[in-house]
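S.K.: give the three-dimensional model of this entry:
(chains A and B)
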Amino acid sequence: MAIHLYRIDDRLIHGQVVVGWGQPLNARLLILVDDVVAASDWEKDLYRMAIPPEMEIQFADVATAIRDHAKYAADPRPGILITGDIDSMHRLVKGVKAIGSVNLGGIHHRAGRSEKLRYVFLSPEDERQLQDLEAAGVEITAQDVPSARARSLAEVLDGESK
Amino acid sequence: MNEEEGGGPGKPRAIVVGHGEFAAGLVSAVGQICGLADKLVVLSMMGKSPEGIGSAIREQLVKTGARVIFTDLPGGSATIAARRIVNEDSGLVLVSGVNLATLLDFVFNTSVSPIEAARAAAERGKASLIVVGH
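M.R.: So this is what the prediction gives:
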């Protein structure tokens, strides 16, 4: 398994991903799974220009990522797979059935969401999807950067550590 | 003097956006060195969604008339948000990878438009990176 981190982060590619996680994981492959980005050459160029030269970025919509996941996992380069929302990761995990853990890295405030951590805001539907993944045996933790303590889904939903 | 082009006299000429307290620290340093911190608007992206970062930048562009955006990390979310904004408005310019030398050059260069000043400042900022020693 060459994908070391499955992350949900609405900022997609940014400093915490490229540097914060990318450096300690020695990441050389970023897989950005997002239906909107995958359908737009402009969006892909935008994110392609945001990564350092030692990394390769690949784009896929969720359906393609499900189809190609075995190929990503067989790639010997250390990799990070990112979705911009919980629903995309939920569909991916359910479709692949071989993803053991998911990192909540940045899900920011929007209407209908309430604060759980300073970088995690969830709607009731978000919570339901995360609990569904956990019930299927997927470890869900929130951790914005590697030096932070990983918080379990129960802690996140409790919201007391915010 | 092209002060009227994006931030008139006494108004900010650029927005500085960065991770953590980076922008505030950098602008504070500009103020300490030359007293021209009021030429720059500080924006922190802490706790903001991608849409929130973009909205905050747009709001400040409208409020101040600034036509220049400085961001810290080329791959950072502020840069991504600013690139979207610049793509929609050809009268704006983005400089990513900003450092103190860049901002100092920019705030003093009031004899040209803010956009020209930003381009010149970026070159000064690049040249300020030096390595000393073996």
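S.K.: all strands for chain B, in order.
M.R.: B:14-18, B:40-44, B:68-71, B:93-96 (DSSP state E).
S.K.: any idea of the pLDDT on residue 97?
M.R.: Answering for chain A, as no chain was given. Looking at residue A:97, its pLDDT stands at 91.
S.K.: oops, wrong one, chain B.
M.R.: Value for residue B:97, per-residue pLDDT: 96.
S.K.: leaving out the residues flanking it, which one is nearest to it?
M.R.: Spatial nearest neighbour of residue B:97, chain neighbours left out: residue B:74 (5.7 Å); criterion: CB to CB, 6 or more residues apart in numbering or on different chains. The way it works is simple: take the backbone N, C-alpha and C, and place the C-beta from them, glycine included.
S.K.: ok, whichever residue of chain A sits closest to chain B - how many residues close by?
M.R.: Here chain A gets closest to chain B at one residue, residue A:108, 3.4 Å apart by CB to the nearest CB. Residue A:108 sits with 20 neighbouring residues when counted by other CB atoms under 10 Å in any protein chain shown.
S.K.: now the closest residue to it other than its chain neighbours: how far from residue A:11?
M.R.: Nearest non-adjacent residue to residue A:108, counting by CB to CB, 6+ apart: residue B:49, 3.4 Å away. Applying CB to CB, to the nearest Å, the value for residue B:49 to residue A:11 is 8 Å.
S.K.: can you give me the end-to-end span of stretch B:33-47?
M.R.: 30 Å (CA to CA, to the nearest Å).
S.K.: give the next helix or strand downstream of whichever helix or strand residue A:43 is part of.
M.R.: In the assignment (DSSP states H and E), residue A:43 maps to helix A:41-48. The C-terminal neighbour of helix A:41-48 among helices and strands, as given by DSSP H and E, is strand A:56-60.
S.K.: what parts of chain A come near chain B?
M.R.: A:10-15, A:18-19, A:42, A:46-47, A:49-52, A:108-110, A:118-119 (CB under 8 Å from any CB of the partner chain).
S.K.: of those residues, buried ones?
M.R.: A:10-15, A:18-19, A:46-47, A:50-51, A:108-109, A:119 (16 or more other CB atoms under 10 Å in any protein chain shown).
S.K.: which element follows the helix or strand of chain A with the lowest mean pLDDT toward the C-terminus?
M.R.: None of the helices or strands of chain A scores lower by mean pLDDT, DSSP states H and E than helix A:15, at a mean of 87. Sequence-wise, the next helix or strand downstream of helix A:15 (DSSP H and E) is strand A:29-33.
S.K.: give me the helices and strands touching that following strand, please.
M.R.: Here strand A:29-33 touches strand A:56-60, helix A:62-74, strand A:79-83, helix A:86-96, going by 3 or more CB pairs under 8 Å, 6 or more residues apart in numbering or on different chains; DSSP states H and E.
S.K.: recalculate using a threshold of 7 Å.
M.R.: Judged by 3 or more CB pairs under 7 Å, 6 or more residues apart in numbering or on different chains; DSSP states H and E, strand A:29-33 is in contact with strand A:56-60, helix A:62-74, strand A:79-83.
S.K.: what segments of chain B are helices?
M.R.: B:22-34, B:50-64, B:77-88, B:100-108, B:114-127 (DSSP state H).
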